[in-house]
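*Asks:* Let me see the structure of the following:
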Amino acid sequence: MRNHRRATSADVAQEAGVSRATVSYVLNDTPNQKIPEQTRERVLAAAQRLAYSPSTAARALRRGRSDVVLGVMATTPIGVVLGYMLNSLTETLSAEGLTFVLHLHGQGAQPISEVHQALSSAGVVVIGDLPAEDLEDLHRSSTGIVRMAGTEEGRHSASPVDMLPVRATLDTMGRWAGAEQAEFLVKAGHSVLAFANYDDPAVQLTHLARLREAGVHDVCAKYGLPTPLHGVVGSDLEASTAVVRAWADAGVTAVCAYNDEAALAVLSAANDGGLKVPDDLAVIGMDDIPSARSARPPLTTVALDTATLATHVTALLLAGMGTGPCPEVEDYSFTRIIVRASA
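*Replies:* Numbering: from 1, shown residues only. Sure, this is the predicted structure:
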C-alpha cells in the first residue's frame, strides 16, 4: 500500500543528502548563509520530488506569528461594494505572502482577542463598527492593526508614525465620502441640501452613516449654506414620499444619500410625489452598485476605488507589522464621481 504520509524536512534532507539545517536555510532563504548553488538546487529538486510544503504551524511557532491577516467586521450581509473590497484586500495581501481570513463578529461570538491568538495573526484589519471593548482588547496586543472608518476626525487617511507599529486608522469610507457628494452638488449650483439615511438595519452601518452625514455638514458649513435636513427613506414608499415632499416644500433642491439603496428609494419617492429628477430634485448616491446604472433616471453616485484602498491598507498594515515603511500621509484618491442623469 502506498504511504500517503506528508513529507517532512527530514525526508528532504535524506533525499538531498544534506542536513536538516541546510534544508531549513535553503527553503527559508535564510540570509547570511553561504549555501553552494549546486546544494541549493539539489535541496529544491528533492523538495519538489517529495511534494514537500513547510508546516505553517511550525513556521508560526518559530516566528511568533503566522502569515494570516485577520479581518474583523460585525455580522452583516456582504453587499457588492464590500465584496469588492474584501476581494481587493485578499489580492494585495496575497501579493505580500499573507493570507486574509475574515471573521464575522456577532452577538455571543468568541472574543476577537481569542480568535487573533488562535491564528497567531500577523495583523488585523477592522472593517466598520465594533464594540469599544473589543477594539480595546485588540489595541492591547502588539500586532499591527488597521481600522477602516475608525474615527470622527480626519479626511482621507491618518497613519501617525507614533501609533505604529501598534495601529493605524483610515477614514476612507467615512466623513470625506459624504463631503465628495456635497462638493459636487454645491459646485453644480445647489445651496439647500438634505441627507437621506436608509431604514434597513441589515445594510446600514450606523457609524459609517454618521460619518458620511458629517461630511455633508462640513461642506455646507464651509460654504455658509443652511444645515442639511435629515430624513430616513427605504422600504415604505408612502413614508419615503412624505419625507421627500417635505424636503421639497422646505426648499431642498438636492439630496446626498447614505448609499445607492437610499438614493434609489429617493428616486422612487420623488416620482411618487410628482417631483422630476433632476429638474426639481437632484440625487447623488454612494457605491455605484449595478442597479444604479439601470435606474430611471440613471443614478449619479460616488464609486469607491477598492484596489487603491486595499493597496493603502496593506501598506499601513505592513508598517504596523514592522515589515514595511510607513506610507506617506497624504490625500489618496479613493473615489471618483460617476456622473449620470440624476444630478
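
*Asks:* packing partners for the helix or strand encompassing Thr301?
*Replies:* Assigned by DSSP states H and E, Thr301 belongs to strand 300-304. In terms of contacts (3 or more C-beta pairs under 8 Å, 6 or more residues apart in numbering; DSSP states H and E), strand 300-304 is packed against helix 80-95, helix 175-187, strand 282-286, strand 335-338. For the C-beta atoms, the positions are set from N, CA and C on the backbone; glycine is no exception.

*Asks:* Could you list the domains of the chain?
*Replies:* 9-54, 66-171+306-334, 175-304 (automatic domain parsing).

*Asks:* Just put the ones you listed in a markdown table and tack on mean neighbour count and mean pLDDT.
*Replies:* As requested, those are exported to a markdown table (neighbours: other C-beta atoms under 10 Å; pLDDT from 0 to 100):
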| stretch | mean neighbour count | mean pLDDT |
| --- | --- | --- |
| domain 9-54 | 15 | 84 |
| domain 66-171+306-334 | 18 | 75 |
| domain 175-304 | 20 | 93 |
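
*Asks:* Of these, which is nearest Arg340?
*Replies:* Arg340 sits nearest to domain 175-304 of all these, at 3.8 Å, using C-beta to C-beta.

*Asks:* Between its first and last residues, how far does that closest one reach?
*Replies:* 14 Å (C-alpha to C-alpha, to the nearest Å).

*Asks:* so how far is that domain off the chain centroid?
*Replies:* Remark: domain 175-304 is offset 23 Å from the chain centroid, using C-alpha atoms, centre = their mean, to the nearest Å.

*Asks:* in what helix or strand does Val124 lie?
*Replies:* Using DSSP H and E, Val124 sits within strand 123-127.

*Asks:* for stretch 15-33, the distance to its chain's centre please.
*Replies:* On C-alpha atoms, centre = their mean, the centre of stretch 15-33 falls 39 Å from the chain's centre.

*Asks:* picking that back up, nearest approach to Gly106 belongs to which of the helices and strands packed on strand 300-304?
*Replies:* helix 80-95 (16.0 Å).

*Asks:* The closest one: how far from the chain's middle?
*Replies:* 8 Å.

*Asks:* Need the residues that contact it.
*Replies:* With C-beta atoms under 8 Å, 6 or more residues apart in numbering as the test, helix 80-95 has contacts from 69, 71, 78, 99-100, 102, 125, 127, 287-290, 304, 306-307, 309-311, 313-314, 317.

*Asks:* go again using 6 Å as the cut-off
*Replies:* Val69, Phe100, Asp287, Ile289, Leu304, Thr306, Ala307, Ala310, Thr311, Thr314 (C-beta atoms under 6 Å, 6 or more residues apart in numbering).

*Asks:* ok now do the fifth one, which residues does it touch?
*Replies:* Going back to what we said before, that points to Leu304. Val81, Thr335.

*Asks:* Please apply the same query to the fourth one.
*Replies:* With contact set as C-beta under 6 Å, 6+ apart, Ile289 has these partners: Val80, Asp260.

*Asks:* Next: the last one.
*Replies:* With contact taken as C-beta under 6 Å, 6+ apart, Thr314 is in contact with Thr92, Leu93.

*Asks:* Quick check: the gap between it and Asp305.
*Replies:* 14 Å (C-beta to C-beta, to the nearest Å).

*Asks:* next one: the second one
*Replies:* When distances are taken as C-beta to C-beta, Phe100 and Asp305 turn out to be 19 Å apart.

*Asks:* Ser113 too?
*Replies:* Taking C-beta to C-beta, one finds Ser113 at 32 Å from Asp305.

*Asks:* rewinding a little: after the strand holding Thr301, which helix or strand is next?
*Replies:* Using DSSP H and E, the helix or strand that follows strand 300-304 in sequence is helix 306-321.

*Asks:* tell me the angle of that following helix relative to helix 80-95?
*Replies:* Orientation check (axes from the mean of the first three to the mean of the last three C-alpha atoms, to 10 degrees): helix 306-321 against helix 80-95 gives 50 degrees.
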